[in-house]
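> With the sequence up front, the predicted model follows.
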Amino acid sequence: MKMIGIGDNGVNGLLPQYIAWINNCDVLVGGERHLSFFPNFNKDKKIIKGGLSKLVDELQQETRNVVILVSGDPLFFGLGGVLAKKLPLEIYPHTSSVQLAFSKMQESWQDAYIVSLHGRSIKGFAQKIDGRKKVVILTDDNNTPQAIATYLKQYGMTEYESFVAENLEGENECCRFMTLDEMEQASFSPLNVVILKQCQPVKRSAIGIADEAFHQRKPEKGLITKKEIRVLCLQELQLQEDSIMWDIGTCTGSVAIEAAKIAREGAVFAIEKNEGDLENCLLNQAKHRTDLTAILGKAPERLDEFPNPNAIFIGGNGGNMENLLEICITRLLPGGRLVMNIATIENLADAMKYLKNLGCNVTVLQAQISRSKPILNLTRFEPLNPIFIVTAQKGTDK
């Protein structure tokens, strides 16, 4: 069983050997566009459409000579990676759309970050690409070049210029450089690849964003996990690049935003009971180039809308600690970590008791931090409120 990559130029882009295999096969499988390149093939044709399970079942029982046609390189965001695990395939790739697009752009692409939005949500795209010099985007009918331009402008990513390559190798091939404003207003063929290139350098913010850089509640400023405490909590969470994290009582979103920058290939989900604070969280996301899910509610309500996490941060429990911790630890993935900020010894004692009863390994860090402050031509220290940072690690399944 052979899988052959094909371009938008159809038969003209195939080697003679590939054409012979196609003409001599008993069953030709492909999308409608691929099969249309072979109108004279008069044996059995199967159209790839919708779910693959039925097609895979049929092909697993097939004893005839089968050729499967797919776009470009079958192992580059294609069907090859899926079907090769289920079928005895020989794979023969065509030049991928990304290779073709960069050749038209006359740029090297070994240093490009590639992301597919084809059939995927654009959620989290901002932190994925922030700071990257070259970005390749595979689009679809929802995540069009126009929609991508609008999204980038929403997060202030105007350092990029775009190169859009349409209908590569086809009769209506069109390749053009554009500003984001131009891309937002133009129209495009559905078959396109978008390349973003930095036209001015942008430095990603390091961990520990200044408190003053966040929109906060006025006139009651200060309802924010302070920078120094935030950094300690993020270290305790031990986030990986693909981690799923919850932030309960997110307020300004400072912890969630910094977590999203670390877990840029994962996802962060935040909940906040105060509508004004949630508005500030959304403003801070746009300002700091992070696109995370933040919803209005009082935990544990609505936590069932979130996927199971690797890490949970609790900045405030709203007086419902025991029930909240039970739900959080139950949902936490094996080996995951829960980190809480607690201000009073009574709540500390309760948290330790509940977490130990839930079978967690619990540690506590007491943080008493002071910041320097000028006084005339001298310097004094002004203390932050002391805080207990409680870390609970869930056991791993055997």
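Looks like it came in fine.

> what pairs with the helix or strand harbouring residue 177, and is each one parallel or antiparallel?
Assigned by DSSP states H and E, residue 177 falls within strand 174-178. In its sheet, strand 174-178 lies beside strand 160-166 (antiparallel), with partners assigned from DSSP bridges.

> contact partners of the strand it pairs with?
Identification of contacts with strand 160-166 by Cβ atoms under 8 Å, 6 or more residues apart in numbering yields 97, 100-101, 104-105, 135, 145, 149, 152, 172-180, 183, 186, 188-189, 191-199. C-beta coordinates here come from the backbone N, C-alpha and C atoms, glycine included.

> Buried ones among these?
Buried residues within these, defined by neighbour count using 16 or more other Cβ atoms under 10 Å: 97, 100-101, 104-105, 135, 145, 149, 152, 173, 175, 178, 180, 183, 188, 191-197.

> now, which of these lie within helices?
Judged by DSSP state H, the subset of these located in helices is 97, 100-101, 104-105, 145, 149, 152, 180, 183.

> ok, these vs residue 362, which is closest?
Checking these against residue 362 with Cβ to Cβ, the nearest one is residue 152 at 43.1 Å.

> separation between that closest one and residue 85?
In this view, residue 152 and residue 85 are 35 Å apart by Cβ to Cβ, to the nearest Å.

> Mind splitting the chain into its structural domains?
Residue ranges for each domain of the chain read 2-95, 98-198, 211-393, as given by automatic domain parsing.

> For those, give me a markdown table that also has mean pLDDT and distance to residue 205.
As requested, those are arranged in a markdown table below (pLDDT from 0 to 100; distance: least, Cβ to Cβ, whole Å):
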| stretch | mean pLDDT | distance to residue 205 |
| --- | --- | --- |
| domain 2-95 | 92 | 30 |
| domain 98-198 | 96 | 9 |
| domain 211-393 | 94 | 7 |
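
> Now do the strands in the stretch 1-150 of the chain.
Under the criterion DSSP state E, counting those that start in this stretch, strands of the stretch 1-150 of the chain are mapped to 2-6, 27-30, 44-47, 66-71, 90-92, 113-116, 134-138.

> Out of those strands, the one nearest residue 368 is which?
Judged by Cβ to Cβ, the one of the strands of the stretch 1-150 of the chain that comes nearest to residue 368 is strand 113-116, at 41.4 Å.

> Packing partners of the closest one?
helix 125-129, strand 134-138 (3 or more Cβ pairs under 8 Å, 6 or more residues apart in numbering; DSSP states H and E).
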